[in-house]
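A.B. asks: Output the structure for:
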Amino acid sequence: MRKYPLGTEVWFIGHKVRPLQSTGAYATADVYVTPKVPGPPPHYHEKANELYYVLEGTMEFLRGEEWYTVTAGENFLIPKGTIHSFRNNGDTATRFLTIHDPGEGADNLFLSFSFATDEENAFENSVSDETIQQVLAACEANDMFLAGPEPA
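C.D. replies: Numbering: from 1, shown residues only. The predicted model follows:
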């Protein structure tokens, strides 16, 4: 397990993430998603609400059983206990902020199971079977509870 300081730009399971400094009461990250890269498996947080704010492009967010399209300048709320995920099905990269309130867990996952973007093979290492298995094993300890396969 690695551990980077807040503000370090990392590859985390195929997404470029930069966890931002916050008050500690919440966790905020700037996330860059390349085209056609799937998001995390559907999951929920027992403790945290999650708010997404799309900065660039168009994202699709799963909330419950329905997918919603959210464009730059719009936000999307996931109440705690709600199954959710995201994806970029477009042809261009997208960027969004994600805010977990309260923040315990999110920063730890982002910074412990990732690879600094300036490391050799960082992207490839972030999506390796070994890394994915480590992330999955750490999910529940970080308030991320998997909810089954991604719906169509």
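
A.B. asks: If I follow the layout properly, residue 4 ends up in contact with residue 116?
C.D. replies: Yes - Residue 4 lies in contact with residue 116 (Cβ atoms under 8 Å); the separation is 6.3 Å. Placement of C-beta: from N, CA and C, glycine included.

A.B. asks: So between those two, which is more surrounded?
C.D. replies: Neighbour totals were compared for residue 4 and residue 116, and residue 4 leads with 16 against 12 (other Cβ atoms under 10 Å).

A.B. asks: Show me the common contact partners of residue 4 and residue 116, please.
C.D. replies: Residues within reach of residue 4 and of residue 116 at once, by Cβ atoms under 8 Å, 6 or more residues apart in numbering, are residue 10.

A.B. asks: so what secondary structure elements neighbour the lengthiest helix in the chain?
C.D. replies: If you go by DSSP state H, the chain has its longest helix at helix 129-138. In terms of contacts (3 or more Cβ pairs under 8 Å, 6 or more residues apart in numbering; DSSP states H and E), helix 129-138 is packed against helix 106-112.

A.B. asks: could you give the mean pLDDT of the helix it packs on?
C.D. replies: Average pLDDT, helix 106-112: 78.

A.B. asks: can you map out the strands along this structure?
C.D. replies: Along the chain, counting by DSSP state E, strands occupy 10-12, 15-20, 27-33, 43-44, 49-56, 58-63, 66-71, 75-78, 84-87, 94-101, 115-116, 145-146.

A.B. asks: want to throw those strands into a markdown table with mean pLDDT and distance to residue 133?
C.D. replies: Output for these, formatted as a markdown table (pLDDT from 0 to 100; distance: least, Cβ to Cβ, whole Å):
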| stretch | mean pLDDT | distance to residue 133 |
| --- | --- | --- |
| strand 10-12 | 93 | 14 |
| strand 15-20 | 91 | 17 |
| strand 27-33 | 93 | 22 |
| strand 43-44 | 94 | 16 |
| strand 49-56 | 97 | 24 |
| strand 58-63 | 96 | 23 |
| strand 66-71 | 97 | 27 |
| strand 75-78 | 98 | 25 |
| strand 84-87 | 96 | 19 |
| strand 94-101 | 95 | 23 |
| strand 115-116 | 92 | 15 |
| strand 145-146 | 94 | 13 |
